[in-house]
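J.: Next one to model:
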Amino acid sequence: MPGGRLTQQDRQQIALGLADGLAYAEIARRVDRPTSTVTREVLRNGGPTAYRADVAHRATERRAHRRRQVTPREPGAKPQVHGRDPEAVREFEDVFTTVMMSSGMPTMMARVLTCLTLADSGSLTAAELVSHLGVSPASVSKAVAFLESQSFVRRERDDRRRDRYVVDDDVWFQSMMASARATAHLVVTARQGVDVLGPATPAGARMENIARFLDFVSESIARAAQQAREVLHTKAGPGAGSPARTGPGPEAG
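T.: As a prediction, this is how the structure comes out:
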């Protein structure tokens, strides 16, 4: 299997495959690349309906040029925080963003969440997000509003009275609980549909099956999230990682 970056010809083959409605795995076989490479390429460049080979190729060249400017290769360059390889960090940032996008999260929201998650502080201001992502303040504001609505991010004020956007373990817990609540709301709505359509009708029976399935899923998500938080916040043994919280976490709403 060939190594190195995708060529313009590879991208043209990907675009043709998408136009033909092929699955990522089939496109990957045609260009002799891993499926993950093709998936990441498509999601990073507009998704399956908006992917354009020439646009994707130019965008990749711009990213590579920007990275060369940001990361000088000459001897004596300033060491990165914790001795990390900056190029490896940027590549992982792209991969993590792609995974968020493949789960259904919009592009800018995925980029902002990834940026916050990979920051050692777990928090950034709007100005820091704008600088890192190279996007407009309006784009960051819209993305943060969406992430807050999904309980992925919370807002805090720092000592300079600036808003800081924060992610931590409990934010992910709250997001899972928000997902469980949203699913539970679907259950209620589906059961209303049973009453409207009639439980003895095919459509009513279908709605009842949907309600039962989603009810089980909602309860399972909430139970698993609670159990995971209890395990992760249990005081670690000697040499077993970070200590537990000393106070109670926020109640699930």
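J.: Three-state assignment for the residue nearest to Pro34 when sequence neighbours are not counted, please.
T.: Among residues not flanking Pro34 along the chain, Ala28 sits closest, at 6.2 Å (Cβ to Cβ, 6 or more residues apart in numbering). C-beta here means a position set from N, CA and C on the backbone, and glycine is covered the same way. At Ala28 the chain is in helix, as set by DSSP: H, G, I helix; E, B strand; the rest coil.
J.: Would you confirm that Ala28 contacts Thr37?
T.: Yes. Counting by Cβ atoms under 8 Å, Ala28 touches Thr37, with 6.9 Å between them.
J.: These two: who's more crowded?
T.: Ala28 (21 against 17; other Cβ atoms under 10 Å).
J.: which secondary structure elements does the strand or helix carrying Asn209 contact?
T.: Per DSSP states H and E: Asn209 is located in helix 202-232. Packing partners of helix 202-232 (3 or more Cβ pairs under 8 Å, 6 or more residues apart in numbering; DSSP states H and E): helix 169-197.
J.: Beyond the worst-scoring helix or strand of the chain on mean pLDDT, next helix or strand please.
T.: In the chain, the helix or strand scored least confidently by mean pLDDT, DSSP states H and E is helix 53-70, which has a mean of 70. Of the helices and strands lying after helix 53-70 in sequence (DSSP H and E), the nearest is helix 86-102.
J.: And the most centrally placed residue in the chain, how far from Arg40?
T.: Centroid-nearest residue in the chain: Met100, 2.4 Å away (criterion: Cα atoms, centre = their mean). For Met100, the distance to Arg40 equals 12 Å [Cβ to Cβ, to the nearest Å].
J.: Check Ala211 too.
T.: Separation of Ala211 from Arg40 (Cβ to Cβ) stands at 37 Å.
J.: Map the structural domains onto the sequence of this structure.
T.: 8-71, 88-166, 169-232 (automatic domain parsing).
J.: Just the pLDDT for the residue sitting furthest away from the middle of the chain.
T.: Of all residues in the chain, Ala200 has its C-alpha farthest from the mean position, at 41.6 Å, by Cα atoms, centre = their mean. We have a pLDDT of 95 for Ala200.
J.: Which secondary structure state does it sit in?
T.: coil.
J.: quick one, phi psi at it?
T.: Main-chain dihedrals, Ala200, degrees, to the nearest 10: phi -90, psi 0.
J.: show me what contacts it?
T.: Listed by Cβ atoms under 8 Å, 6 or more residues apart in numbering, Ala200 has no contact partners.
J.: now it: how far from Asp20?
T.: Distance, Ala200 to Asp20, using Cβ to Cβ: 44 Å.
J.: just Glu156 next, same as before
T.: Applying Cβ to Cβ, the value for Glu156 to Asp20 is 49 Å.
J.: now swap in Thr117 and tell me
T.: On the measure of Cβ to Cβ, Thr117 and Asp20 end up 36 Å apart.
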